[in-house]
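J.: here is a sequence together with a model predicted from it:
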Amino acid sequence: MAEALATIRRVEGMGMITLRGALEQIGPVVSDVTGIALPECRKITGAGDRQLGWMSPDELLCVMPVADLPAILAALQDGLTDRHALVLDMSDARVIYDIIGAHAEDVLAKLSPADLGAVGSDDLRRSRAAQTAAAFWRIESGFRVIGFRSTADYLGALLHNAAMPGSQLAPR
Amino acid sequence: MLALTCPCCGITAEETEFHPGGEAHLKRVGPEGADDEFEAYLFARKNPKGAHIERWRHSYGCGKWFHVARDTATLRVFGAYTTQSYGPPEDIVNAIRQSYPDWTFDRNAAE
């Protein structure tokens, strides 16, 4: 029996904060509080479990371990009181999957119309996986995929199905 | 396949990542307008074979609305531009006129 294309793992214990506002105004505060450089358009900065992603011209995504979330959330709210901004804990609305393995790109390529060749190591690509919205970025030997928790089972089933043994895209 | 480039985030993606919003630059007819003008504003839409200006939303991406000038017959995209405008910018009009020399932007043609 051939091996699965990649290991699909649901990542627990991660928190996410959504920030909305004019990035040139809220950016410096977010960068100060998180200690992560502000990402350029379509990029994600930081490393490991603490990252800052560019979601849209007026939205940032802050990812961190859920244990660190309350302190960061309070610091962000504190720092942004004098600016027009939204700071919201979105952890419970999201799900994270890691696709790890030699053929991780194949798994994602089957589900998303995104040009994965154009997704660099520091890119955050918002797209879809089959019928549900998903965003992903490259991690060591694979991808980290975030989606909505309301469609988490669907997303998980999709990823496991796309990783079915012997189903890689390149000719054998 | 229709591939669009979102001017808000710069991503080039295929049609299914976007949501179409129909004809762009509609002029609203308010309560003071005549009934037939109001009906035209609600329902009458241009359906040209050739250059057309539409609204699209990058629904699976950055979520922003933008305008696209494209050819409805060939799916050639002449360009995309911000919604903060009253009409297509000069470079897009010039690109359209290379294919359709007589094309002019007619904001109120839906009436």
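T.: All right, it came through fine.
J.: OK, contacts around A:Arg83?
T.: Applying CB atoms under 8 Å, 6 or more residues apart in numbering or on different chains to A:Arg83 gives the contacts A:Gly21, A:Gln25, A:Ile26, A:Val29. Where C-beta positions appear, they are placed from N, C-alpha and C, glycine not excepted.
J.: possible to save those residues as CSV with pLDDT?
T.: Formatted as CSV, the contacts of A:Arg83 follow (pLDDT from 0 to 100):
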residue, pLDDT
A:Gly21, 96
A:Gln25, 95
A:Ile26, 96
A:Val29, 96
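J.: highest neighbour count among those residues?
T.: Greatest neighbour count in the contacts of A:Arg83, by other CB atoms under 10 Å in any protein chain shown, goes to A:Ile26: 24 neighbours.
J.: nearest residue to the closest residue to chain A within chain B other than its sequence neighbours?
T.: Closest contact between chain B and chain A, by CB to the nearest CB, is at B:Cys62 (3.6 Å). Nearest non-adjacent residue to B:Cys62, counting by CB to CB, 6 or more residues apart in numbering or on different chains: A:Ser56, 3.6 Å away.
J.: for the one you found, give me its contacts.
T.: Contacts of A:Ser56 by CB under 8 Å, 6+ apart are A:Arg126, B:Cys8, B:Cys9, B:Gly61, B:Cys62, B:Gly63, B:Lys64.
J.: do A:Asp68 as well
T.: Contacts of A:Asp68 (CB under 8 Å, 6+ apart): A:Gly15, A:Arg50.
J.: where does the prediction get shaky in the chain?
T.: Assuming you mean chain A. Scanning chain A for pLDDT under 70 picks out the ranges A:1, A:172.
J.: wrong one, chain B
T.: Across chain B, the ranges flagged by pLDDT under 70 are B:108-111.
J.: what does it put close to chain A?
T.: Proximity of chain B to chain A, by CB under 8 Å from any CB of the partner chain, involves residues B:8-14, B:16-17, B:60-64.
J.: out of those, which are buried?
T.: B:Cys8, B:Cys9, B:Ile11, B:Ala13, B:Glu17, B:Tyr60, B:Gly61, B:Cys62, B:Gly63, B:Lys64 (16 or more other CB atoms under 10 Å in any protein chain shown).
J.: possible to save those residues as CSV with secondary structure and distance to A:Pro70?
T.: Putting these into CSV (DSSP: H, G, I helix; E, B strand; the rest coil; distance: CB to CB, whole Å) gives the following:
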residue, secondary structure, distance to A:Pro70
B:Cys8, coil, 33
B:Cys9, coil, 31
B:Ile11, coil, 34
B:Ala13, strand, 36
B:Glu17, helix, 35
B:Tyr60, coil, 31
B:Gly61, coil, 30
B:Cys62, coil, 29
B:Gly63, coil, 28
B:Lys64, coil, 31
